[in-house]
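S.K.: need coordinates for the below:
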Amino acid sequence: MTPSNRKTVLELVQIGDIGLLFFCLGTAYILTSHRHFFDLLNSLETRHPIQVFLATIMLGCGWHAALRSNRFYRSHRLEGFLKGSLDACSASFLCALFSFVWLWVVASVAKRNLVDLSIVSMLFGVLSFTAFMLTRTLSRVTMHVLRSRGHNLRHILIVGTNRRAHGFAQDLSLHPEWGYQLQGFVDDQWWYEQTSESKPKALLGGFDALPALLRKLPVDEVIVALPIASFYQQIAEIVVLCGHHGIAVRSIGTFFERTAVLRETVGSITLHDESWNERASMIKRSTDVLISFGLLVALAPVLLMVALLIKLTSDGPVLFTQTRMGYGKRPFKILKFRTMVQNAEKLISQVAHLNETQGPTFKLKNDPRITSVGKFLRKTSLDELPQLINVLVGDMSLVGPRPLPLRDYEGFSQDWHRRRFSVKPGITCLWQVMGRSTIGFDEWMALDIRYIEQWSVWLDIKILLQTIPAVFRGSGAA
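M.R.: Model prediction:
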């Protein structure tokens with residue numbers, strides 16, 4: 001997700017932070033004056049409502065500026081605890097300063113001092129710092145545990161094999177909680193002998209091999225360790241190539257060649273980044289878990305009935321599993337109710353010439369391999385319900401580009417098509433609600449890119465709501 005696409009989620013997070021600060025200020029006022037915080041506002045609103053309202057708006061804006069200036073809405077994947085604590089302390093101090101000014105203005109408007117402003121402000125600073133540290137620590141501990149167990153990993157390629165690349169690779173191996181998994185190095189040759197000993201990967205190829213590596217390997221970020229001035233043309237080509245795939249590019253190289261080793265990428269230059277913000281991912285993931293679990297429980301009788309119907313009308317398993325290409329080009333097993341005969345995969349060569357779609361995908365409306373029950377399940381999209389399990393375990397999302405079989409992916413001819421793998425695949429998407437099989441392949445891919453570029457919480461809600469009438473219409477189902 002590009003920075004502009006993170007706008008909706010970041011707005012929700014920022015509103016939540018402002019709400020947390022107002023809670024801390026109210027708590028500080030109550031503890032200091034032993035009165036309700038709203039007693040002050042209620043008494044003032046009847047006399048000077050406009051002044052109080054404008055001062056409160058300015059307070060919220062000041063808090064927001066303080067949080068943004070202290071990197072509250074940037075990635076903290078590689079930051080240490082001390083750096084995070086200093087940022088929280090600085091933000092709390094500035095917020096307390098703004099609160100003191102606000103309380104002074106309110107007291108001046110009321111022409112009475114209901115509470116010791118300095119005591120309230122200091123207590124507010126302590127409470128806000130505590131709240132920030134608790135929320136940030138909880139988030140960091142949760143993510144570190146997940147990453148150390150192999151979850152939420154970001155696969156990277158390092159372009160360059162100099163001393164700087166070696167130092168960064170060493171840091172990755174020493175800090176598994178950062179959540180980075182090194183795929184290997186890309187360079188025309190080894191330029192620093194110790195880099196060839198960096199665990200766990202070796203040289204995967206030269207600069208010319210990068211396009212092929214990005215097509216076949218799961219890569220979320222490309223780290224450029226080259227001096228920008230000397231390799232400007234190559235770096236520019238890497239940025240363009242990764243832009244087609246939706247892969248982030250960061251530079252830890254200097255402008256000119258130097259021998260200093262950068263021990264972390266906190267101060268790195270981001271050349272291109274369409275990755276999802278951590279908080280955005282957590283909000284989307286939490287929504288996926290809650291809704292998928294609720295639907296699985298609510299639809300349990302329907303799932304059981306469909307399973308019995310399949311078992312009683314045709315030979316073979318109830319569920320159909322197939323390897324699909326998922327997020328970051330990571331393969332996974334998709335679950336569906338079986339709608340075809342048992343050996344349908346082996347019979348595909350007999351019907352391949354009847355393909356009704358353009359491009360590498362295969363769609364056939366009156367596929368002879370489909371069972372009588374399967375036609376009904378496809379028409380009503382009931383065959384997709386087991387994918388709620390894929391959503392629950394994290395392989396898919398409720399909304400996202402539809403996952404494609406490996407056979408279809410191998411037929412991709414354009415790198416911009418592969419950008420759809422920069423987000424998790426979904427049960428429903430724009431293609432699903434705008435016609436499905438009636439839409440050509442290139443238009444389908446364009447709709448997926450449009451979803452990625454325009455993503456927001458509200459777009460997901462809109463697609464989910466539009467999916468219901470699309471299912472009842474059965475338009476484009478095959």
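
S.K.: secondary structure class of residue 345, three-state.
M.R.: Taken by DSSP: H, G, I helix; E, B strand; the rest coil, the conformation at residue 345 corresponds to coil.

S.K.: burial of it, as a residue count?
M.R.: Residues near residue 345, counting by other Cβ atoms under 10 Å, number 14. Every residue, glycine included, has its C-beta placed from N, CA and C.

S.K.: which non-adjacent residue is nearest it?
M.R.: In this structure, residue 345 finds its nearest non-sequential neighbour in residue 322, 7.8 Å apart by Cβ to Cβ, 6 or more residues apart in numbering.

S.K.: the one you found bridge partners, please.
M.R.: Beta bridges link residue 322 to residue 334, judged by DSSP bridges.

S.K.: tell me the pLDDT of it.
M.R.: At residue 322, the predicted lDDT confidence score is 90.

S.K.: same check on residue 476?
M.R.: At residue 476, the model reports a pLDDT of 46.

S.K.: residues in contact with residue 213?
M.R.: By Cβ atoms under 8 Å, 6 or more residues apart in numbering, the contact set of residue 213 is 157, 183, 186, 204, 205, 219.

S.K.: which of the three states applies to it?
M.R.: Residue 213 - assigned by three-state DSSP - is helix.

S.K.: about what we covered before: what's the neighbour count on the residue nearest to residue 345?
M.R.: Neighbour count of residue 322, defined by other Cβ under 10 Å: 14.

S.K.: circling back to that earlier point, what about the contacts of residue 213, which are in strands?
M.R.: In strands, defined here by DSSP state E, the members of the contacts of residue 213 are 157, 183, 186, 204, 205.

S.K.: just name the closest of these to residue 142, please.
M.R.: Distance to residue 142, by Cβ to Cβ, is smallest for residue 183 among the ones in strands among the contacts of residue 213, at 25.3 Å.

S.K.: at which residues are the strands of this structure located?
M.R.: Using DSSP E, strands in the chain cover 154-159, 180-186, 203-205, 221-224, 248-251, 269-272, 319-325, 331-337, 397-399, 404-405, 426-428.

S.K.: could I get the ones you listed as CSV with distance to residue 242?
M.R.: Output for the strands of the chain, formatted as CSV (distance: least, Cβ to Cβ, whole Å):
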stretch, distance to residue 242
strand 154-159, 10
strand 180-186, 12
strand 203-205, 16
strand 221-224, 5
strand 248-251, 5
strand 269-272, 6
strand 319-325, 18
strand 331-337, 21
strand 397-399, 23
strand 404-405, 21
strand 426-428, 23
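
S.K.: so which of those strands gets nearest residue 240?
M.R.: strand 269-272 (8.7 Å).

S.K.: could you list the domains of the protein?
M.R.: Domain ranges of the chain: 3-148, 154-275, 279-473, per automatic domain parsing.

S.K.: next, report how far the last one is displaced from the centre of its chain.
M.R.: When distances are taken as Cα atoms, centre = their mean, to the nearest Å, domain 279-473 is centred 20 Å away from the chain's centroid.

S.K.: same deal with the shortest one?
M.R.: Its chain's average C-alpha position is 21 Å from that of domain 154-275, according to Cα atoms, centre = their mean.

S.K.: pLDDT on that domain, on average?
M.R.: 77.

S.K.: just give me the closest of the contacts of residue 213 to residue 304.
M.R.: Of the contacts of residue 213, the one sitting nearest to residue 304 (Cβ to Cβ) turns out to be residue 219, at 41.2 Å.

S.K.: surely that closest one touches residue 154?
M.R.: No - using Cβ atoms under 8 Å, residue 219 is not in contact with residue 154, being 9.1 Å away.

S.K.: before we move on, back to that, among the contacts of residue 213, which two are most distant?
M.R.: Counting by Cβ to Cβ, the most remote pair of the contacts of residue 213 is 205 and 219, 13.1 Å apart.

S.K.: so between the two, which is more surrounded?
M.R.: Taking neighbours as other Cβ under 10 Å, residue 205 and residue 219 compare with residue 219 leading, 22 against 14.

S.K.: quick check: that one vs residue 424, distance?
M.R.: Relative to residue 424, residue 219 is positioned 16 Å away (Cβ to Cβ, to the nearest Å).

S.K.: just the buried residues of the ones in strands among the contacts of residue 213.
M.R.: Buried residues within these, counting neighbours by 16 or more other Cβ atoms under 10 Å: 157, 183, 186, 204.

S.K.: spatially nearest residue to residue 117 (excluding sequence neighbours)?
M.R.: Distances taken as Cβ to Cβ, 6+ apart put residue 103 closest to residue 117, at 4.7 Å, once the chain neighbours are dropped.

S.K.: look up the pLDDT of the one you found for me, please.
M.R.: 82.

S.K.: touching, it and residue 120? I think so.
M.R.: Yes - Residue 103 is within contact range of residue 120, at 6.2 Å (criterion: Cβ under 8 Å).

S.K.: neighbour count: these two, which is higher?
M.R.: residue 103 (25 against 22).

S.K.: so how far is residue 291 from the more buried one?
M.R.: Residue 103 is 43 Å from residue 291, where distance means Cβ to Cβ.

S.K.: cool, and residue 467?
M.R.: Distance of residue 467 to residue 291, given as Cβ to Cβ: 12 Å.

S.K.: so between the two, which is more surrounded?
M.R.: The neighbour comparison of residue 467 against residue 291 (other Cβ under 10 Å) goes to residue 467, with 18 against 15.

S.K.: was I right about residue 168 contacting residue 250?
M.R.: No - using Cβ under 8 Å, residue 168 makes no contact with residue 250, being 10.3 Å away.

S.K.: of those two, give the one with the bigger neighbour count.
M.R.: Neighbours were counted for residue 168 and for residue 250 using other Cβ under 10 Å; residue 168 has more, 25 against 18.

S.K.: excluding sequence neighbours, find me the nearest residue to the more buried one.
M.R.: residue 252 (5.9 Å).

S.K.: burial check on the one you found, number of neighbours?
M.R.: Other residues near residue 252 number 22, with proximity taken as other Cβ under 10 Å.

S.K.: hmm, it is touching residue 166, no?
M.R.: No - with contact defined as Cβ under 8 Å, residue 252 and residue 166 do not form a contacting pair (11.5 Å).

S.K.: which residue ranges of the stretch 201-350 of the chain form helices?
M.R.: According to DSSP state H, counting those that start in this stretch, the stretch 201-350 of the chain carries its helices in the segments 210-216, 232-245, 278-298, 300-313, 348-351.
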